[in-house]
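1. pasting the structure only:
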């Protein structure tokens, strides 16, 4: 009996604690979004962070904004897991369920699904009135428009990452390879850099750390374009030739055998551990590489073949349509795009600023990786943003390319599948 | 000689298979522990080390100082314990009804409980989010308790129903002949025998709510994040924070194991109770 | 003993459970069923509309569906099969008396306690073709000559994820069956001993019949659970390489996250029907036993 009594007591306490919590939460939540009449004075912001120190940095930025903004609003920043891109899905689910934040960190590829359901606020009128609008290059605004499939801007630029090739100067020296200036030289370098260093008959260093899992379409795109292909027709002979080059790197063992399942972690680990001489990624991983490799890491822009292309990574901010104080929300995304938020965030994370003013700051001008990023910018582009793009990136591309790498399908067959996956039947 | 023979029989029938199974079950945990103690540099080395050359507790330190892991831990405990108590109470009653009564619609209700768990949660997410919002429980632990119980109750009802069906009816019939009513027979006879099964079911419910991620990420915000979401935050777009993540894993696993160490003692209680009554 | 007269007690007893479930999950579930008969793709909300059986017809023509169905069957048969066998063995061992039993019991639950987030990641790490410990062990034992990229090859990826789900499910069966074993009256074993039964005879003539309902229910529930499980595969391979680890539940998950909810719902209804097909013979014999 005593035991039962104690359990009941415990349950009762627990329930009352919970009730207490729930009251507190709904109270603070009411301020965001659900307020009626007067403009809301508190806004919710969702973001993801690549590590806990970036997360702390974000809280610092928001604190600074809250202390100094003209709209006199308080932004509450809530961290959500990146979760291999499921972040966008969770954001969408919440918004479709009538909740979610007022402002959020965003990836361009998911724009169509959000605009098709009328979830995002149109930023045109805010941008046209905005005094600092020219601090961001016009080409970026064009990319934002292109992504929404309309003539309007729904997505506010925040920072970009230009992909380039990281390489190990010591390995280049040992293999007698110089930095490739053409696409053909790049392919030859992959071959020459693949070496058996200890004479046991097994490859110890691979030329190129290939990414075959989710996200691998970005470096892969450079091969397609170098052969003269483009993303409007993956089944063109040029694009197929690029795919064939990609497959050959794997078949000839110039890339590690794990390539079909290698994602960001594995490809970069291969490079850092000395298992691969080159890897394609952006400046986001530079600090970590320097920490591991010191001076023995450098970079070059993916070289030109018939054409030259490299992938432009991106992170943006959006304002939701249901937001009750869009003026304040815009002030926040503007602060992140060209204000102090831009400066603090890009300095901390090493991302390429979108603000021309911030780009000119010495911290960005004296960094060798930033220089390569900026050199690559004229060739940088994105994949077509269609409503099928997310699915194409997440499942169609990795599975089709894995089948091509293992020889289950041919380059031409794979490219047809990719064409169909993105553009429908 | 005879002693020896019995010893070796025991070795082959108990210690050897147990050791093999345990190695398989525990190795990944051992590997998590080793990873949490390794400095980053040693992780991706060309040589795999089975014990870190340089043991570092830095990750554990960071976990509690920078990352404030205690908060998601206490949130997870709160949610898991309330879910367990609630689901168990409700399920024991329902399972008893299904096992000991024959009534109209019994099979239909049992089927309903079974199919409830066949539907993938990913398809229910958007409407569930709306429901939680309309109930005003979104971003409170209550939303998790509510959504977890909908999945743990049917499962537990079925489990307990299975156990109850294995308990001979003669037990309570004897008591009823002695003049006890149904409720008394249940409390005095069935419940004690059922304790191990209740403990096992409770462990099931606890684990389910402890480890759930999909609902947790949707229905909580930073104030009431649970462990799986906090851990997921450590896997960014730019790589995994192996040290923190594995340290978090180790810290998550150990208290539950300790809790179970005490709970499993109850697993024996039923045995003695059953023997007396049988 | 069997009460035929109308009695409100059983209804009152199941009411709370029923109430919780219906109030939360009923509307979304009905909604999902309705979606399966619609062209319901949130990427193209303007095209939403009644589509009859169009989704179902498309599924039958979809080669990926057939492939995923075969994978699901293998996944469930091998996954649940081995979980049960090893779990049962573990339960029998843990039911014996030995020093440190409590400790062993609690550590053997570890796979179950491990957060799902970590399971996929740790196993991916163990299987890793460059830095993975499994390759290292096999190399040191001389079992393989070259490192195997387990998750990068179509031939090895599926067996690898099956091993992980077996690992994860053993403690469930061990614990549930261990609890069931506590209810077996000791006299039955004593009687068998007097008859001179050996260990296997005792297992098949005493132990298994005494906990048959428990075995029944746990395997049925586990089949449903494993057939629907997504996170182990999703975190380890995402269904790849080349769809070689894509079970139906993973396919459903992938289609749902790419927002083609109509198609995804239709597939999950087919999966539910298939699971019922497995469950019905189970239930029949169970209900028949109870009537007897």
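-> Yep, it's here. Please read all numbers here as calculations on a predicted model, not as lab measurements.

2. not counting its neighbours along the chain, what's nearest residue C:48?
-> Nearest residue to residue C:48, sequence neighbours excluded (C-beta to C-beta, 6 or more residues apart in numbering or on different chains): residue C:40, at 5.6 Å. No exception for glycine: its C-beta is placed from N, CA and C like everyone else's.

3. mind listing what the one you found touches?
-> Applying C-beta atoms under 8 Å, 6 or more residues apart in numbering or on different chains to residue C:40 gives the contacts C:48, C:260, C:261, C:262, C:265.

4. would you say the fourth one is within a helix?
-> By that I understand residue C:262. Yes - applying DSSP: H, G, I helix; E, B strand; the rest coil, one finds residue C:262 inside a helix.

5. could you report the neighbour count for it?
-> By other C-beta atoms under 10 Å in any protein chain shown, 25 other residues sit near residue C:262.

6. could you find the closest non-adjacent residue to it?
-> That would be residue C:40: by C-beta to C-beta, 6+ apart, it lies 3.4 Å from residue C:262.

7. one step back: let's have the contacts of residue C:40 in CSV, adding pLDDT.
-> Shown next, in CSV, are the contacts of residue C:40 (pLDDT from 0 to 100):
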residue, pLDDT
C:48, 86
C:260, 90
C:261, 91
C:262, 92
C:265, 93
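
8. drop anything exposed from those residues.
-> C:260, C:261, C:262, C:265 (16 or more other C-beta atoms under 10 Å in any protein chain shown).

9. pop the domain breakdown of chain B in here.
-> B:1-56, B:59-277 (automatic domain parsing).

10. avg pLDDT for the last one?
-> To tie it back to what came earlier, the one meant is domain B:59-277. For domain B:59-277, mean pLDDT rounds to 87.

11. from the chain's centre, how far out does that domain sit?
-> 6 Å (C-alpha atoms, centre = their mean, to the nearest Å).

12. next one: the shortest one
-> Relative to the chain's own centre, domain B:1-56 is displaced by 24 Å; criterion: C-alpha atoms, centre = their mean.

13. and for stretch A:153-162?
-> The answer for stretch A:153-162 is 10 Å, by C-alpha atoms, centre = their mean.

14. quick one: that stretch near chain C?
-> No - using C-beta under 8 Å from any C-beta of the partner chain, stretch A:153-162 never reaches chain C; the gap is at least 15.6 Å.

15. please apply the same query to stretch A:417-425.
-> No - between stretch A:417-425 and chain C, judged by C-beta under 8 Å from any C-beta, nothing touches; the nearest distance is 10.8 Å.

16. show the pLDDT at residue A:385.
-> Looking at residue A:385, the pLDDT reads 89.

17. residues contacting it?
-> A:108, A:109, A:111, A:112, A:146, A:147, A:149.

18. might one say that the first one is in contact with residue A:382?
-> Yes - Residue A:108 is in contact with residue A:382 according to C-beta atoms under 8 Å; the separation is 6.7 Å.

19. what is in contact with the two at once?
-> A:143, A:147, A:314.

20. low pLDDT regions in chain A?
-> Within chain A, the ranges that satisfy pLDDT under 70 run A:1-38, A:425.

21. one more time with 50, if that's ok
-> A:1-37 (pLDDT under 50).

22. look at residue C:283 and report its pLDDT.
-> The model's pLDDT for residue C:283 equals 83.

23. same thing with residue C:196?
-> Per-residue pLDDT puts residue C:196 at 87.

24. what packs against the strand ranked longest in chain A?
-> In chain A, with assignment by DSSP state E, the single longest strand is strand A:310-319. When contacts are defined as 3 or more C-beta pairs under 8 Å, 6 or more residues apart in numbering or on different chains; DSSP states H and E, strand A:310-319 packs onto strand A:103-106, helix A:138-148, strand A:155-162, helix A:217-226, helix A:326-337, strand A:380-381.

25. so who does the residue in chain C positioned nearest to chain B touch?
-> When distances are taken as C-beta to the nearest C-beta, chain C reaches nearest to chain B at residue C:217, 3.0 Å away. Residues near residue C:217 by C-beta under 8 Å, 6+ apart: B:158, B:159, B:161, B:162.

26. can you select the buried ones among the contacts of residue A:385 for me in ChimeraX?
-> Selecting only the buried entries of the contacts of residue A:385 in ChimeraX, with 16+ other C-beta under 10 Å as the criterion:
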select /A:108,109,111,112,147
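
27. kindly provide the distance from residue B:13 to residue C:195.
-> 20 Å (C-beta to C-beta, to the nearest Å).

28. got it, and residue C:76?
-> 38 Å.

29. who has more neighbours out of those two?
-> residue C:76 (22 against 10).

30. which parts of the stretch 151-278 of chain B are strands?
-> Listed in chain order, the strands of the stretch 151-278 of chain B (DSSP state E, counting those that start in this stretch) span B:235-236, B:239-240.

31. so what strands line up beside the last one?
-> This means strand B:239-240. Strand B:239-240 has the following sheet partners, assigned by DSSP bridges: strand B:235-236 (antiparallel).

32. need the contact partners of the strand it pairs with.
-> Looking at what lies outside strand B:235-236 - C-beta under 8 Å, 6+ apart - the contacts are A:48-51, A:54, A:81-84, B:241, B:245, C:117, C:121.

33. then stretch B:53-72?
-> A:52-53, A:56, B:36-39, B:42, B:225-227, B:229-230, B:243-244, B:246-248, B:251.

34. what do you get for stretch A:397-408?
-> Here stretch A:397-408 has contacts from A:212-214, A:216-217, A:220, A:243, A:246-247, A:250-251, A:259-261, A:409-411, A:413-414, A:417-418, A:421, C:153-154, C:238-243, C:246, using C-beta under 8 Å, 6+ apart.

35. 7 Å instead?
-> By C-beta atoms under 7 Å, 6 or more residues apart in numbering or on different chains, the surrounding residues in contact with stretch A:397-408 are A:212-214, A:216-217, A:243, A:247, A:250, A:259-260, A:409, A:411, A:414, A:417-418, C:154, C:238, C:240-243.

36. ok, which of those also contact chain B?
-> When C-beta under 7 Å from any C-beta of the partner chain is applied, no member of these is adjacent to chain B.

37. mind checking which of these are in strands?
-> Per DSSP E, the contacts of stretch A:397-408 never map to strands.

38. what about these, which are in helices?
-> Among the contacts of stretch A:397-408, the members found in helices (DSSP state H) are A:217, A:243, A:247, A:250, A:411, A:414, A:417, A:418, C:154.

39. can you tell me how far the third one sits from residue A:231?
-> Between residue A:247 and residue A:231 the distance is 18 Å, computed by C-beta to C-beta.

40. near chain C, which residues of the stretch 251-400 of chain A show up?
-> Going by C-beta under 7 Å from any C-beta, the residues of the stretch 251-400 of chain A near chain C are A:256-261, A:269-270, A:275, A:387, A:390-391, A:394-395, A:398-399.

41. now for residue A:163: which residues touch it?
-> With C-beta under 7 Å, 6+ apart, residue A:163 has these contacts: A:218, A:219, A:280, A:281, A:282, A:310, A:311, A:313.

42. ok, how many other residues are close to the residue in the stretch 151-278 of chain B positioned nearest to chain C?
-> Here the stretch 151-278 of chain B gets closest to chain C at one residue, residue B:162, 3.0 Å apart by C-beta to the nearest C-beta. Residue B:162: 25 surrounding residues under other C-beta under 10 Å.
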